[in-house]
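# Turn this into a model:
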Amino acid sequence: MATKIDVADLDCIYLTYDEPQREEFWVKIKNMVPWARRVDGVKGSDAAHKAAADASHTERFILIDGDNLPDPAFFNQTLVFPDPSYLSAVFRWRARNHINGLMYGNGGISSWTREFVNNMRTHEASDGSVETQVEFCFDPLYWPMHDCWSTTYPNGSPFQAWRAGFREGVKMCLQRGRKPSVDEFKSQVLRNLDNLTIWHNVGTDVDHGEWAIAGARQGTYMTMLTNWDHRQVQDFDCLAELWSTVEHSQPRILSNQLGPEIGTQLDLPMAILEAEQSAFFKYHYRSNWQNQGIMVREIDVIRKVEGW
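Numbering: from 1, shown residues only. Predicted structure coming up:
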């Protein structure tokens, strides 16, 4: 018999660090989810998630990032687990990115178990394995879900937008956490490649969107075309130091400086959309999107579409 859990019966943890909108969003989330708890200012992704697990009074809990606003309808949903494997899995639902319109797991609502979080060793607590140094998502029980239940707003300041773009510009270049050679990068078929290109070119219509584009280009450039240690992408102190080297630059000039070499050496299109073009793209990008059910996994939809 399937196990059913109402989302409203789970603890909800709002996990914040330095997001400029975190106080404003906390008020909105508390109005939406009065039982929500907050964990603030814990340094390190692994440590912050463990603090969230400690704050939860239920074994499974919902996690909301500090720059995310959920769809209120999410909290009326029921999680249905058809077999025991679901009981231990982590679910990461899509979020729509306010900067560039992308819809994928970055910044989205997630659901964890305390056991999973307390046993994982990732990011700053990694055991040294390539797959755990900069990501959670390569664990076989970490499941990207198909539906989109929130919007992420990583553009509350120039630094936040640059950092969001930089981190995705790095991570989308990697192969399961490993830096590929330039030839490997150019020859591989990446599901991430479309998303990476959008980060590189879309978002000039929103506040600080130019900084997100510049950050994404800089992250890709430093990862693929320099000897920079890409593992530093998980260290927010290192990112703050990097930001200090560019914060007085003009983001469009920085983007234009990096674009030709990225385009030539990595065969990536470099064509920043101006504000009207960017808004047009986002209006039509996935405009026919429909959720298929809160427990539908991304891999199940891919298998169906691609016939495997």
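# check contacts around Arg92.
By CB atoms under 8 Å, 6 or more residues apart in numbering, the contact set of Arg92 is Gly105, Gly108, Ile109, Ser110, Cys137, Tyr142, Trp143, Pro144, Met145. Yep, even glycine has a C-beta here, placed from its N, CA and C like the rest.
# Identify, from the residues you listed, the entry nearest to Met222.
Met222 lies nearest to Cys137 out of these, by CB to CB, at 21.5 Å.
# related to what we said a few turns ago, take the contacts of Arg92 and write them to a markdown table, including pLDDT, secondary structure and neighbour count.
Below are these laid out as a markdown table (pLDDT from 0 to 100; DSSP: H, G, I helix; E, B strand; the rest coil; neighbours: other CB atoms under 10 Å):
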| residue | pLDDT | secondary structure | neighbour count |
| --- | --- | --- | --- |
| Gly105 | 95 | coil | 20 |
| Gly108 | 98 | coil | 27 |
| Ile109 | 98 | coil | 27 |
| Ser110 | 98 | strand | 25 |
| Cys137 | 60 | coil | 16 |
| Tyr142 | 93 | strand | 18 |
| Trp143 | 96 | strand | 22 |
| Pro144 | 96 | strand | 18 |
| Met145 | 97 | strand | 28 |
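# where do the strands sit along the stretch 51-200 of the chain?
Taking DSSP state E, counting those that start in this stretch to define them, one finds strands in the stretch 51-200 of the chain at 60-65, 68-70, 78-81, 90-97, 103-104, 110-113, 142-152.
# ok so, going back, between the contacts of Arg92, which sits nearest Ala161?
Ala161 lies nearest to Gly108 out of the contacts of Arg92, by CB to CB, at 18.0 Å.
# Same question for stretch 165-176: list its buried residues.
Gly165, Phe166, Arg167, Glu168, Gly169, Val170, Lys171, Met172, Cys173, Leu174 (16 or more other CB atoms under 10 Å).
# In TSV: these, plus pLDDT and distance to Asn227.
Below are the buried residues of stretch 165-176 laid out as TSV (pLDDT from 0 to 100; distance: CB to CB, whole Å):
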residue	pLDDT	distance to Asn227
Gly165	98	21
Phe166	98	17
Arg167	97	19
Glu168	97	21
Gly169	97	17
Val170	96	14
Lys171	94	18
Met172	93	19
Cys173	94	14
Leu174	92	16
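# now, which of these sits nearest Thr3?
Closest to Thr3, out of all of these and judged by CB to CB, is Lys171, at 32.9 Å.
# wait, which of the strands of the stretch 51-200 of the chain is closest to Val296?
Within the strands of the stretch 51-200 of the chain, the stretch nearest Val296 is strand 142-152; the backing value is 4.4 Å (CB to CB).
# What is the closest one packed up against?
With contacts taken as 3 or more CB pairs under 8 Å, 6 or more residues apart in numbering; DSSP states H and E, strand 142-152 sits against strand 68-70, strand 90-97, helix 298-306.
# ok and that strand relative to helix 298-306, angle-wise?
Counting by axes from the mean of the first three to the mean of the last three CA atoms, to 10 degrees, strand 142-152 points 90 degrees away from the direction of helix 298-306.
# Report the inter-axis angle for strand 142-152 versus strand 90-97.
30 degrees.
# Give me the residues contacting strand 142-152.
Residues from elsewhere that reach strand 142-152, judged by CB under 8 Å, 6+ apart: 64-65, 67-71, 73-74, 89-98, 103-109, 136-137, 289, 291-301.
# Just want the angle from that strand to strand 60-65.
Using the same axes, to 10 degrees: strand 142-152 against strand 60-65 is 50 degrees.
# Return the alpha-carbon coordinates of strand 142-152 using CSV.
The C-alpha trace of strand 142-152 is given here as CSV (Å, rounded to 0.1, in the frame of the first residue of the first chain):
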residue,chain,number,x,y,z
TYR,A,142,18.6,12.8,-4.7
TRP,A,143,15.7,13.0,-7.2
PRO,A,144,15.0,16.0,-9.4
MET,A,145,11.3,16.3,-9.8
HIS,A,146,9.4,17.5,-12.9
ASP,A,147,6.9,20.0,-11.4
CYS,A,148,7.7,23.7,-10.7
TRP,A,149,6.3,25.0,-7.4
SER,A,150,8.2,28.3,-6.8
THR,A,151,10.1,31.3,-8.1
THR,A,152,13.7,32.0,-7.1
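# Rounded mean pLDDT for stretch 25-40, please.
The average pLDDT for stretch 25-40 rounds to 98.
# And stretch 284-301, by the same measure?
So the average pLDDT for stretch 284-301 ends up being 94.
# Would you mind finding the most buried of the helices and strands packed on strand 142-152?
strand 90-97 (a mean of 24; mean count of other CB atoms under 10 Å).
# Listing partners with orientation, what would you give for that strand?
Strand pairing for strand 90-97, determined by DSSP bridges: strand 103-104 (antiparallel), strand 110-113 (antiparallel), strand 142-152 (parallel).
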